[in-house]
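> Build me a model from this:
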Amino acid sequence: MKAEGFTAQQIDSVMNEPLEMRIFDWERREKKMMMSPLDSIKYYLSLLNAGFLAVEPQTGAVKAWVGGIDHKYFKYDHVKSRRQVGSTFKPVVYATAIQRGIAPCSYTSNVLRTYPQYQYWTPKNADNKYGGSYSMEGALINSINTISVNMAVRSGSINVAQMAEDLGISDDVPGVPAIALGAHEASLLDMVTMYSTFANRGQRPELRYIRRIETNRGRVVYQNWIDTSEWKRPLTVDQADMMTKMLQSAVNNGTGRRLRYRYKFTNEIAGKTGTSQNHSDGWFVGYTPTLVSGTWVGGESPAVRFRDLSLGQGANMALPIYALFLQKLQKDKDYEPLFAAKFPEPSEEVKDALNCANVRWGQAKQEDINTDNTTKAATAVAGNASTATVGTQ
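Okay, here's the model as predicted:
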């Protein structure tokens, strides 16, 4: 209209003129309404979107790929869209720390710390609570920001960034401490790949969604053979098993525990919630021994979000989608083996390294701080402990 000589006022009048249109509706899928084009834009911007992906980690086979809430009205794939990942990134930090030789049962103080070398950055916890000391597992399941950053600095932020890329993040990850809090954008496809590496005991699967292509007469014209020998291995079996054990605790005792008390799942599950800055994005990536599933929820723009963390956190926005998905599978007898599956038994070295006495899921007692009776076991499962970057706790 502008090119044809219409004035701004004339263009605005068209945008504000109501007309009959069909719009997306949560209950009826769509409905007819009298609405101006400008109001329809505002309406669609106010809706939450979602993406969902489920993968078999041992084969890389994609079992479910849901790019949005309704393809007719939202032709944008949120499995591939990139958003801040929040605390779903934290397992990368702890996996790096383990590989660099930091013992899982070495306790780290939960204190508000300023980093002069990083422009006097002072990372805060989501609940603004501080005090006590935590093991790696306790810090991960309680999603303690101060300790995640401490671990990233001790392990070397460059090493954390490299680990993220090795595990499945497809673009360059900046080697700065802020990535410990998920201040980096990644896709749901990347995050599910990353967790599939944990589930596949350290070997990163190459995802595929075509098994074969046949003609209408059954002649196979394409076969997608799996050659797992070419898959990369960023973690040893023991290191991956340690992460799975800690992520199981995150479901049993941490931010994902509503899968137990609200949705009543009793099968073995590991996973982690995530919430981005200003709670613009809600994440949950969870896995059973044979299926890794992830979901993202958020507005079309990060500016569209809940007003507070109680509604905007990943445990409220994203985790319920994962739970409802599992509930549907649970009702289908074909999926009974999925719920009966057990994670592989970890080695004795892994069990020893994670045996943090009675403080495993929370704060350490004062007399336990700085004690470490699992150094040998932790070193046994560390990849290159000799190059560990260890700082002051």
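
> Next, the contact list for the closest residue to I210 other than its chain neighbours, please.
In space, I210 comes closest to N224 once its chain neighbours are excluded; the distance is 5.5 Å by CB to CB, 6 or more residues apart in numbering. Glycine gets a C-beta too; all of them are placed from N, C-alpha and C. N224 makes contact with 208, 210-212, according to CB atoms under 8 Å, 6 or more residues apart in numbering.

> quick one: the residue nearest to G298 when sequence neighbours are not counted from G274, how far?
Spatial nearest neighbour of G298, chain neighbours left out: D281 (4.3 Å); criterion: CB to CB, 6+ apart. Distance, D281 to G274, by CB to CB, to the nearest Å: 8 Å.

> now T288
With CB to CB as the criterion, T288 and G274 are 19 Å apart.

> just W65 next, same as before
As for W65, its distance to G274 is 20 Å (criterion: CB to CB).

> ok, the two, which is more surrounded?
Applying other CB atoms under 10 Å to W65 and G274 shows that G274 carries more neighbours, namely 29 against 17.

> Tell me the bridge partners for that one.
Assessed by DSSP bridges, G274 has beta-bridge partners W283.

> what about G286, which helix or strand?
Per DSSP states H and E, G286 falls inside strand 281-288.

> Just give me how far the helix or strand just after that strand sits from the chain centre.
Scanning forward in sequence from strand 281-288 by DSSP H and E, the next helix or strand is strand 291-299. With CA atoms, centre = their mean, to the nearest Å as the basis, strand 291-299 stands 8 Å off its chain's centre.

> go on, stretch 14-34?
Its chain's C-alpha centre and that of stretch 14-34 lie 35 Å apart, by CA atoms, centre = their mean.

> Switch the contacts of N224 over to CSV; also include secondary structure, pLDDT and distance to D12.
Shown next, in CSV, are the contacts of N224 (DSSP: H, G, I helix; E, B strand; the rest coil; pLDDT from 0 to 100; distance: CB to CB, whole Å):
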residue, secondary structure, pLDDT, distance to D12
R208, strand, 94, 49
I210, coil, 93, 48
R211, coil, 90, 53
R212, strand, 93, 55
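
> Output those as TSV; include the columns distance to Y76 and neighbour count.
Below are the contacts of N224 laid out as TSV (distance: CB to CB, whole Å; neighbours: other CB atoms under 10 Å):
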residue	distance to Y76	neighbour count
R208	23	15
I210	22	10
R211	27	13
R212	29	10
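
> Pick out whichever of those sits closest to P346.
R208 (28.4 Å; CB to CB).

> Surely the closest one touches G60?
Yes. R208 is in contact with G60 according to CB atoms under 8 Å; the separation is 5.3 Å.

> middle-most residue in the chain, spatially?
T88 (3.3 Å; CA atoms, centre = their mean).

> Would you agree that residue falls within a helix?
Yes. With DSSP: H, G, I helix; E, B strand; the rest coil as the criterion, T88 is located in a helix.

> Nearest spatial neighbour of R260, chain-adjacent residues omitted?
N252 (6.5 Å).

> thinking again about what came up before, shared neighbours, D281 and G274?
85-86, 314.

> Any chance of TSV for the residues you listed, columns neighbour count and distance to I23?
Shown next, in TSV, are the shared contacts of D281 and G274 (neighbours: other CB atoms under 10 Å; distance: CB to CB, whole Å):
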residue	neighbour count	distance to I23
V85	31	31
G86	26	31
G314	28	28
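
> For those, give me CSV that also has distance to R28 and pLDDT.
As requested, those are arranged in CSV below (distance: CB to CB, whole Å; pLDDT from 0 to 100):
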residue, distance to R28, pLDDT
V85, 34, 96
G86, 33, 94
G314, 28, 93
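
> Pick out whichever of the residues you listed sits closest to N216.
Using CB to CB, the shared contacts of D281 and G274 come closest to N216 at V85, 42.6 Å.

> I figured that closest one hits T273, correct?
No. Shown here, V85 and T273 do not form a contact pair, counting by CB under 8 Å, at 11.1 Å.

> which strands and helices sit next to the strand holding G286?
helix 188-199, strand 270-275, strand 291-299, helix 314-317, helix 319-330 (3 or more CB pairs under 8 Å, 6 or more residues apart in numbering; DSSP states H and E).

> Tell me the helices and strands packed up against the last one.
It stands for helix 319-330. Other elements packing on helix 319-330 under the criterion 3+ CB pairs under 8 Å, 6+ apart are strand 48-56, helix 258-261, strand 281-288, strand 291-299, helix 336-340.

> just these: most buried one?
strand 281-288 (a mean of 28; mean count of other CB atoms under 10 Å).

> quick one: average confidence on that strand?
Throughout strand 281-288, pLDDT has a mean value of 97.

> Let me know the angle separating it from strand 48-56.
20 degrees (axes from the mean of the first three to the mean of the last three CA atoms, to 10 degrees).

> For strand 281-288, C-alpha coordinates in CSV please.
What follows is strand 281-288, C-alpha atoms only, in CSV (Å, rounded to 0.1, in the frame of the first residue of the first chain):
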residue,chain,number,x,y,z
ASP,A,281,11.7,-20.3,28.1
GLY,A,282,10.7,-23.4,29.9
TRP,A,283,12.5,-26.7,29.2
PHE,A,284,12.5,-30.3,30.3
VAL,A,285,14.6,-33.1,28.8
GLY,A,286,14.0,-36.5,30.4
TYR,A,287,14.9,-40.0,29.5
THR,A,288,14.2,-43.6,30.4
